[in-house]
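# Just the structure for this:
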Amino acid sequence: MGDFLQDFVFTFVPLFIVIDALGTLPYVISLSEDMARPQRRRMVHLAVITAAVVGLVFLFLGQLILKLLGISVGAFAIAGGIILLVFAVQYMTTGHMVKVIKEELVAVVPIGTPLTAGPATITTLLLLATQYPLYMVLISFALNMLITWVIFLGGEWVSRFLGQGGLRAISRVFSLLLAAIAVSMVIHGLELLGIIKIVSG
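Below you'll find the model as predicted:
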């Protein structure tokens, strides 16, 4: 029982940190600001399902997929960063992440991936699968997806509390932060590929 609890903590906590549902919630709210309640709930369901599918695919087939396609985690990070940067710039210049917001589109990209199941989550899943029993990693990931779903659904109450004006003001601020996250992902990807070297301190 002690080993089970220890393995659970050591697999659950890293995944909870890298998935960062609380940190992603502001972007979920921003992307759903013009949606009706049914659309917003559908977007959340699709986003969590997308993140879960991406995570499961890489958990079970990640090493094989990367090897077959010749794709590194660094390249995935750069691609994800570029996608996020495009969305952030689009919002800052037009006021919308996409010209015609559809819950299916934003649920898959960028909320489902790379915000929820991005390079950090994929890398963590791959590493944990080599250190702990697969069923334990699967349990921890499933529980994290459940928590993420609950947190994202909580965005409805936050939206009602802030109102449209408050949402738009906050969305502008978070679009800048999203751009910064995108740039960080690109830099991290370049570092993983050995193209640049970040000297800390």
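# what's the next secondary structure element after the lowest-mean-pLDDT helix or strand in the chain?
Using mean pLDDT, DSSP states H and E, helix 103-106 stands out as the lowest-scoring helix or strand of the chain, at a mean of 67. Next in sequence after helix 103-106, counting helices and strands by DSSP states H and E, comes helix 119-131.
# nearest residue to G62 other than its sequence neighbours?
Excluding its sequence neighbours, the residue lying closest to G62 (C-beta to C-beta, 6 or more residues apart in numbering) is L126, at 4.9 Å. In this view, the C-beta of every residue, glycine as well, is placed from N, C-alpha and C.
# What helix or strand is the closest residue in space to S175 that isn't next to it in sequence located in?
Closest residue in space to S175, ignoring its immediate chain neighbours: Y91 at 4.4 Å, by C-beta to C-beta, 6+ apart. Assessed by DSSP H and E, Y91 sits inside helix 73-94.
# And that helix, what does it pack against?
helix 119-131, helix 155-192 (3 or more C-beta pairs under 8 Å, 6 or more residues apart in numbering; DSSP states H and E).
# Now do it, average pLDDT.
Here helix 73-94 scores 77 as its mean pLDDT.
# and the angle from that helix to helix 119-131?
160 degrees (axes from the mean of the first three to the mean of the last three C-alpha atoms, to 10 degrees).
# so helix 73-94 versus helix 155-192, what angle?
Going by the same axes, to 10 degrees, helix 73-94 makes 130 degrees with helix 155-192.
# And helix 73-94, what's buried?
By 16 or more other C-beta atoms under 10 Å, the buried positions in helix 73-94 come out as 73-85, 87-88, 91.
# Next: stretch 43-53.
In stretch 43-53, counting by 16+ other C-beta under 10 Å, buried: M43, V44, L46, A47, V48, T50, A51, A52.
# Flag the shaky bits of this protein, pLDDT-wise.
For the chain, applying pLDDT under 70 flags the ranges 1-2, 95-104, 159, 162-168, 170-171, 174, 199-201.
# and the closest residue to M92 other than its chain neighbours, what does it touch?
In space, and not counting its chain neighbours, M92 is closest to S175: 5.2 Å by C-beta to C-beta, 6+ apart. Counting by C-beta atoms under 8 Å, 6 or more residues apart in numbering, S175 touches S30, A88, Y91, M92.
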